[in-house]
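Chemist: Here you go, sequence then predicted model.
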There are 2 protein chains.
Amino acid sequence: MNIVVQKFGGTSVANLECQKQVMKKVLRPYREGNKVVVVLSAMAGETNRLLTLAKEWSETPDPAEVDSLVSTGEQVSCALFTMLLKQQGVRARSVLGFQAPIHTDCSYGKARIVDIDTSQLEHMLKENDVLVVAGFQGCDEQRRITTLGRGGSDTSAVALAAALNADVCEIYTDVPGVFTTDPNICHEAKKLDKISYDEMLEMASMGAKVLQIRSVEFAKKYNVDVHVRSTFDDQEGTLVTQEDIDMEAVLVSGIAYDRDQARVTLVHVRDEPGISAAIFVPLAEKRILVDMIIQNPSKNGRTDMTFTVPRADLEQTLKVLESLKYEIGYEELLYAENVSKISIIGVGMRNHSGVASRAFKTLSDENINILMISTSEIKVTCLIEDKYTELAVRTLHKAFELEEGGVKPEVS
Amino acid sequence: MNIVVQKFGGTSVANLECQKQVMKKVLRPYREGNKVVVVLSAMAGETNRLLTLAKEWSETPDPAEVDSLVSTGEQVSCALFTMLLKQQGVRARSVLGFQAPIHTDCSYGKARIVDIDTSQLEHMLKENDVLVVAGFQGCDEQRRITTLGRGGSDTSAVALAAALNADVCEIYTDVPGVFTTDPNICHEAKKLDKISYDEMLEMASMGAKVLQIRSVEFAKKYNVDVHVRSTFDDQEGTLVTQEDIDMEAVLVSGIAYDRDQARVTLVHVRDEPGISAAIFVPLAEKRILVDMIIQNPSKNGRTDMTFTVPRADLEQTLKVLESLKYEIGYEELLYAENVSKISIIGVGMRNHSGVASRAFKTLSDENINILMISTSEIKVTCLIEDKYTELAVRTLHKAFELEEGGVKPEVS
């Protein structure tokens, strides 16, 4: 039994016309003799409509009830889409989270999939050729409805593909695939045929919002090939898959950026054991994601501590730090909102040097000042002034020859 | 553990303001220390909105998918209402059909409750003080969602009251209770304090649309006291309960009418064995509900056959009969749309005579011609010309002294 998993987002199922287009995509593998598991999101706008209702009813709506409420969005789109299929004579049925069942923990609103019991699904696949599964939802041990958080339908699709040992997991979206960088600011951006899970994770977290991060983590963990492709044409998209030798033959796969950052500096902090914890534990408790952290070399028992936070959390970050002024013992609190994070990503970096230096030189040639630097195994990130973002992306894209398939590492 | 079941319909939960009113009703028994099981319908208009979508998607939408679709209506109202309760600090949760679980057969769209497993509900009632149960829905053996048909929330409430052995089942509606007749056409109509299940069944089927018929059948079968009362005030309503001696002490409890009737006459039908079947089996196959049937005494091997059908089915009835003209062998097919059915209902009739004759005399005194008569143990029904409906209801109401509590049977 060959199984194809296909996932369609909210704009793809927004109305009858859209759903008829989706049906064509579903009927192709069906007519080729495959069993198809279609994962759908709620019709565009529906989840927000329901969340607005919840907010109207209660300032702090009960999370379990919010999940029961918003899960109706996928229930509606799945029932309607199945009607279309049945009208065409396809043996099909809708499958809700509790019917699959997709077991999750009970973290309502951001539940994690614990287990998919496939015996039911396999039985349903015997009696049907297409299963229309509600994305984004599951149920906990008590049979209460849970949701997986925004973009959770991607995770549903990958998890189902893993559990059912599907041949492929196709994620249909409104872009043709994953690009070397954002085509909106760099016209030379090129669609990648393939990208490794790790690279995709770095790209996604940096704002290349094609796939939900958690779905990529899931795909990596269970080794599911994910084919990201466009709802609007039949072109091949990008395969997100295991790293292979081919991939390492290219030094850099893509350039990502993130403009939603702010930089905070604590000047002349007392440099003593426990000081980092004193600063970052209170921020973590407020669920503020601190990213790049730099500590200057100490001088006279004092140091400067600089780090970045999401711009939306800046105000709260400053508030927390001000309240800790005497505990931490800093002299001044500085911040900047006009900063941007540029990342050069590629698994080729694992075995080859020279990427960082080439990046620094490229930026320097354009007189772009680097404010902070951080590196990982497959990534080099520079914080720069926001106004240089487009220029930096374009020149780095060119420097690493990404429009021509990417610069090859020199034979060392 | 004292349990109160309360059911609220679609207009009662239509918006936030309405739901706040409902909450007051729920908090009363809660504050008195009872556990409360609240059964809710979908917010007014929602079920129709969803059914319209289904019709747009498919001319013949799959019934199982329709049930999954429309059941979201109750899911939404229950989640929202529970948010309100939790905001007040009440230990509460929503309970969907599959969570209760309310087991039904798999007749999608008109499922019948097979069984309510109370072990889950009892457990939930230990952890919560109020359960907000989605009316109208259940699930079949395959865990697919089913719905009980229009007005099914009444049945849900009565079934839950029976299963949980509740102290009372309160059905909140937009009228103060069950009346001796329709107050819209007879200002002397009086609210009944009590009515027996059998009388209620006759009243309901005759158009006193306060309670869904099936819920009354359920209440009778499991002997559940149903208190029909108004959402809009705190007055006592009408108790629908077992027949008792008090009730028999009154000859007539109410006058019902049904204007949605049509009369059909087959003139000079061949009077031979099997002729009734030849007429009525084809009508039953088209699901046309034939009600009063009168066959004239035979003359020269021919007879007239007269019966009533719902006016909406008249056209189809005539079509069926015309197609059977030679099979049945009638000479003429007559019909009348301007007819109305008036019923006098009361368990007191079981043991006392004189009701029919008093009814006939009353109508005759007003020069109202009786077109057809049928009687049962607790009911006398007359078909009359539609234009006399109001007059007939008012004079019969007066003749049986219903505004003064009903005429007492003479001691025989």
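Modeler: It's in.
Chemist: Contact partners for A:Ser94?
Modeler: By Cβ atoms under 8 Å, 6 or more residues apart in numbering or on different chains, A:Ser94 lies in contact with A:75, A:78-79, A:81-82, A:131-134, B:65, B:68. Any C-beta I mention is one placed from the backbone N, CA and C, and that applies to glycine too.
Chemist: From those residues, pick the one nearest B:Ala336.
Modeler: B:Glu65 (41.7 Å; Cβ to Cβ).
Chemist: can you tell me the residue of the stretch 251-400 of chain A closest to chain B?
Modeler: Of all residues in the stretch 251-400 of chain A, the one sitting closest to chain B is A:Arg287 (22.9 Å; Cβ to the nearest Cβ).
Chemist: just checking, that residue is part of a strand?
Modeler: No: A:Arg287: not assigned to a strand; according to DSSP: H, G, I helix; E, B strand; the rest coil it is coil.
Chemist: Give me the local confidence score for it.
Modeler: Note for A:Arg287: predicted pLDDT of 86.
Chemist: Pull the number of nearby residues for it.
Modeler: 8 (other Cβ atoms under 10 Å in any protein chain shown).
Chemist: How about A:Gln120?
Modeler: With other Cβ under 10 Å as criterion, A:Gln120 counts 15.
Chemist: so it makes contact with A:Phe98?
Modeler: No: in this structure, A:Gln120 is not within contact of A:Phe98 by Cβ atoms under 8 Å, at 10.4 Å.
Chemist: And A:Glu377, how close does it get to A:Val355?
Modeler: Per Cβ to Cβ, to the nearest Å, A:Glu377 is found 11 Å from A:Val355.
Chemist: what do those two both touch?
Modeler: Common neighbours of A:Glu377 and A:Val355 (Cβ under 8 Å, 6+ apart) are A:Met349.
Chemist: With neighbour numbers in mind, choose between the two.
Modeler: Between A:Glu377 and A:Val355, A:Val355 has the larger neighbour count (other Cβ under 10 Å), namely 22 against 9.
Chemist: Tell me which residues touch that one, please.
Modeler: Residues near A:Val355 by Cβ under 8 Å, 6+ apart: A:251-252, A:344, A:346, A:348-349, A:380.
Chemist: Surely A:Arg112 touches A:Leu148?
Modeler: Yes: counting by Cβ under 8 Å, A:Arg112 does reach A:Leu148; the two are 7.5 Å apart.
Chemist: Overlap of the contact sets of these two?
Modeler: A:Thr104.
Chemist: residues touching A:Arg311, list them.
Modeler: A:Arg311 touches A:260-262, A:337, counting by Cβ under 8 Å, 6+ apart.
Chemist: The same query, at a cut-off of 6 Å, please.
Modeler: A:260-262 (Cβ atoms under 6 Å, 6 or more residues apart in numbering or on different chains).
Chemist: What values do phi and psi take at it?
Modeler: phi -60, psi -30 (degrees, to the nearest 10).
Chemist: ok, and which of the contacts of A:Arg311 reach chain B?
Modeler: Checking these against chain B by Cβ under 6 Å from any Cβ of the partner chain, not one of them is in range.
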